[in-house]
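[1] structure for this input, please:
(chains A, B, C and D)
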2 protein chains.
Amino acid sequence: MLADIEPVNRESTAAIIARQLRDAIMTGSLPPGTQLGETELAARFQVSRGPLREAMQRLVSEGLLRSERHRGLFVIDLEPGDVYDIYSARSAVERAAATRVVRSGDRERVAGILDEAVEAMAHADEQDDPTALTEADLRFHEALIEASGSRRLARMARTLLIETRMCLSALQNTYSKNYQGVDERVTEHNKIIEALRAGDEESMLALLEAHMDDAVQRLAPGTSLHSGAAPGLTRDGVDLA
Amino acid sequence: MLADIEPVNRESTAAIIARQLRDAIMTGSLPPGTQLGETELAARFQVSRGPLREAMQRLVSEGLLRSERHRGLFVIDLEPGDVYDIYSARSAVERAAATRVVRSGDRERVAGILDEAVEAMAHADEQDDPTALTEADLRFHEALIEASGSRRLARMARTLLIETRMCLSALQNTYSKNYQGVDERVTEHNKIIEALRAGDEESMLALLEAHMDDAVQRLAPGTSLHSGAAPGLTRDGVDLA
DNA sequence: GGTCGTATGATTGTCAACAATCCGAGGAGT
DNA sequence: ACTCCTCGGATTGTTGACAATCATACGACC
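    Residues are numbered from 1 along each chain as shown, chains lettered A, B, ... in the order given. The predicted structure is shown next:
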């Protein structure tokens, strides 16, 4: 009966603030390059600067915030090369996740979950709701990774999916609406599920990589995951340590 | 001449402390399960509790520290299933890195760097220095990832390599010394370099995966990356948010 | 006119004290 | 002997104030 009586309150204030900040960055409420004033944010969250700073340090280590000493914290801004980098990393993570799923026992259950996401995509398309479509798209990939059961893949993917959404909302104003038909995107996802159901690991991975490559070419025309060298990434003051 | 005159001091105190803590966790100075008392650590680092907490929050978000509210922060302890999870994630990351390198222009240069690491491994073996051997082994993989030029792969790998070393130092006392000859390990690395030099992407990736699988089977006998289901991971109070 | 020095304002970095919470020991009661 | 309650000690969580640093604007000087 009392199955899900999780321990109460087991979440630090810093964790809560961090999640809210992540959401704000993801949805575009805090556009790339925005400076995060500590005093202002502390007032908005109704907490002191201590917990707020702790939350921001988390995002720094996740790579979502850039810290300049005595200057402030800024939302990272994505350069052209980052699109390649993000999707390259996503490809690696999701490939591993998909591999684990297809080799696991409950392929069918996972496929069902993924089906729901794709259905939501189609539904969003019918209603002409690009936001919901993106949401469902990301949920597909999120579900895939969660189904892998890997804590580390999940942690890595969380940041990557946030950055993906940053890319999308940064470029969604560029071209009118749907550069390519969404039907194609839905089909791609369905093919992946199909291969997963069939247990055909090889073609599933191929489809997944092709899916990623399509996304890169859509977002950053001219570059490709399968092409030769990667676009350069400026390696300046990233507070990696 | 003045090429690398990086802006001075561009490193926050929290970043410095975080790095030192990472090193301490990695080398085993802070064994898994250790509770990190804030007052004590603050005294050791000669800073106040503020910056120290910020540093610890970074490690929490990286998954190296586990936070229990009003209880304290603890170094994560690796359960059996974690070995699989770590190496599975490492396999994904290094696979992507290697792919980017083999498709890039400077295969030869990277191969040279990797050669150095392998030579250091052989040298450490001659001198019967298992610590140096592990160090060189990890440097190989670190160099491979750095050569990929991907900021995100590098960030993900940093945590994974720390955890790898935690596994090693946790289990190095289990069996006498070198369960399997180190010659084999050296050979495996050399074969990877060889395939990289030749530009043979397919066999390079196969060798890399085999290398990872060997490591898993050495550390956690019975499990394999290529086998079916992954060992279960208890999914309790991980402060993922 | 242009460049350098200086003052100002605001922001971040740091600290020590206060409040809230939790764990364990001890004792009263059944 | 067992359970429950209470209290003390210790630790974490939070706060507001202080010190250090930097960007900007203004004026002096060449």
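
[2] which element is the closest residue to DNA strand D within chain A on?
    Nearest residue of chain A to DNA strand D, counting by CB to the nearest atom of the strand: A:Gly50, 2.4 Å away. Bear in mind the C-beta positions are built from the backbone N, C-alpha and C, glycine included. Here A:Gly50 sits within helix A:49-62, counting by DSSP states H and E.

[3] can I get the CA coordinates of that helix in CSV?
    Below are the C-alpha coordinates for helix A:49-62, written out as CSV (Å, rounded to 0.1, in the frame of the first residue of the first chain):
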residue,chain,number,x,y,z
ARG,A,49,23.0,34.5,-1.4
GLY,A,50,24.6,31.5,0.3
PRO,A,51,22.4,28.7,-1.1
LEU,A,52,22.1,30.5,-4.3
ARG,A,53,25.8,30.5,-4.9
GLU,A,54,25.9,26.9,-4.1
ALA,A,55,23.3,26.2,-6.7
MET,A,56,25.2,28.2,-9.3
GLN,A,57,28.4,26.4,-8.6
ARG,A,58,26.6,23.2,-9.5
LEU,A,59,25.6,24.6,-12.8
VAL,A,60,29.2,25.8,-13.4
SER,A,61,30.5,22.3,-12.9
GLU,A,62,27.8,21.1,-15.3
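
[4] how about that helix: buried residues?
    A:50-62 (16 or more other CB atoms under 10 Å in any protein chain shown).

[5] biggest separation within those, which pair?
    Based on CB to CB, the longest span within the buried residues of helix A:49-62 runs between A:Gly50 and A:Glu62 and measures 19.6 Å.

[6] the nearest residue to A:Ala215 once chain neighbours are set aside: neighbour count?
    Distances taken as CB to CB, 6 or more residues apart in numbering or on different chains place A:Tyr87 nearest to A:Ala215, at 6.0 Å, with adjacent residues excluded. As a burial measure, A:Tyr87 scores 27 neighbours (other CB atoms under 10 Å in any protein chain shown).

[7] circling back: I'd like to know how far the residue of chain A closest to DNA strand D sits from A:Pro32.
    Relative to A:Pro32, A:Gly50 is positioned 26 Å away (CB to CB, to the nearest Å).

[8] try A:Glu142
    22 Å.

[9] who are the neighbours in contact with the residue most central in space within chain A?
    Nearest to the mean C-alpha position of chain A, by CA atoms, centre = their mean, lies A:Leu161 at 0.5 Å. For A:Leu161, the contact set (CB atoms under 8 Å, 6 or more residues apart in numbering or on different chains) comprises A:Arg90, A:Leu138, A:His141, A:Glu142.

[10] do you know the pLDDT at A:Leu78?
    Note for A:Leu78: predicted pLDDT of 89.

[11] again, but for A:Val8
    59.

[12] what's the answer for A:Ile16, then?
    At A:Ile16, the pLDDT recorded in the model is 89.

[13] and it, how many neighbours?
    Neighbourhood size, A:Ile16 [other CB under 10 Å]: 15.

[14] so for the helix or strand containing it, what gets flagged as buried?
    Secondary structure assignment for A:Ile16, by DSSP H and E: helix A:13-27. Under the neighbour-count criterion of 16+ other CB under 10 Å, helix A:13-27 has A:Thr13, A:Ala14, A:Ala15, A:Ile17, A:Ala18, A:Gln20, A:Leu21, A:Arg22, A:Ala24, A:Ile25, A:Met26 buried.

[15] what sits against the second one?
    Taking CB under 8 Å, 6+ apart as the definition of contact, the neighbours of A:Ala14 are A:Pro51, A:Glu54, A:Ala55, A:Arg58, B:Gln57.

[16] what's near enough to touch the first one?
    For A:Pro51, the residues meeting the contact criterion (CB under 8 Å, 6+ apart) are A:Ser12, A:Thr13, A:Ala14, A:Ile17.

[17] one more: the fourth one?
    By CB under 8 Å, 6+ apart, A:Arg58 lies in contact with A:Ala14, A:Ala15, A:Ala18, B:Gln57, B:Arg58, B:Val60, B:Ser61.
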